[in-house]
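Novice: here is a sequence together with a model predicted from it:
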Amino acid sequence: NVTDNQTMGNVTDNQTMGNVTDNQTMGNVSTMQLQLYEGWNFISIPTELTEGNDTIEAVFQDVDMAGREVYRFTQASGWETLANDTVLEVLDAYWVYSSETTNVTLNVSTDPVNVPASKDLAEGWSGIGLADTQPRSANETLQSVEDNWVYLLGYNAETQQYEQVIINGAQGENQTMVPMKGYWLFMRDPGSLGALTV
């Protein structure tokens, strides 16, 4: 039985459906739109951002957060309040509050020499994101920790409700994971989550 008081803490209102819109590409820079809904948003960064446009301050400077901070949860540190100069990392998930529905422009690096992201996951719950600009199935996304993960839980920011839990080995693992959305992942054993390379 999943009891989301283990590490989901008191987080009850999150969100993040971010619509992926590849707007323009100029040189090694492309822009995408991250949609934030009114209230808490559980978001992730699908690919590396350009230097100087990759911190909390740079990305969310025009978002009215109503005085709230940006948060991240890890097994090692628990809940972390993140400073404005924190660099947003691929595969991490973040809680961001917005006082209104708005779009945030992400300046995405298209440099071909970027190293694929990876994230070490401990036993228990962790926040993760999809390292891709296109939707992928949970089974495909989590193939690098196939023998270690048990549950995956998304949050719909628009409705402010958790979605149906996805269970490893069950039919639901073919459900789609969405870019720029945050997810809770429960691991039975530690593992290293790798970005998809195909």
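Specialist: Thanks, I have the structure now.
Novice: count of neighbours near Leu130?
Specialist: With neighbours defined by other CB atoms under 10 Å, the count for Leu130 comes to 29. Where you see a C-beta, it was placed from the backbone N, CA and C, and this is true even at glycine.
Novice: if you could redo that for Trp40, that was the one I meant.
Specialist: 22.
Novice: repeat for Gly67
Specialist: Using other CB under 10 Å as the criterion, Gly67 is surrounded by 7 other residues.
Novice: same question for Asn103.
Specialist: Asn103: 15 neighbours (other CB under 10 Å).
Novice: same deal with the one 5 residues further on?
Specialist: When neighbours are defined as other CB under 10 Å, Val108 has 23 of them.
Novice: Asp132 versus that one, what's the distance?
Specialist: As defined by CB to CB, to the nearest Å, Val108 lies at a distance of 12 Å from Asp132.
Novice: list residues touching both of those two?
Specialist: 46-47 (CB atoms under 8 Å, 6 or more residues apart in numbering).
Novice: give me the nearest residue to the residue nearest to the spatial centre of the chain, chain neighbours excluded.
Specialist: For the chain, the residue nearest the mean C-alpha position is Ser44 (2.5 Å; CA atoms, centre = their mean). Nearest-residue entry for Ser44: Gly129, 2.1 Å, with adjacent residues in sequence omitted and distances by CB to CB, 6 or more residues apart in numbering.
Novice: how about the contacts made by the one you found?
Specialist: Gly129 touches 43-46, 90-93, 179-183, counting by CB under 8 Å, 6+ apart.
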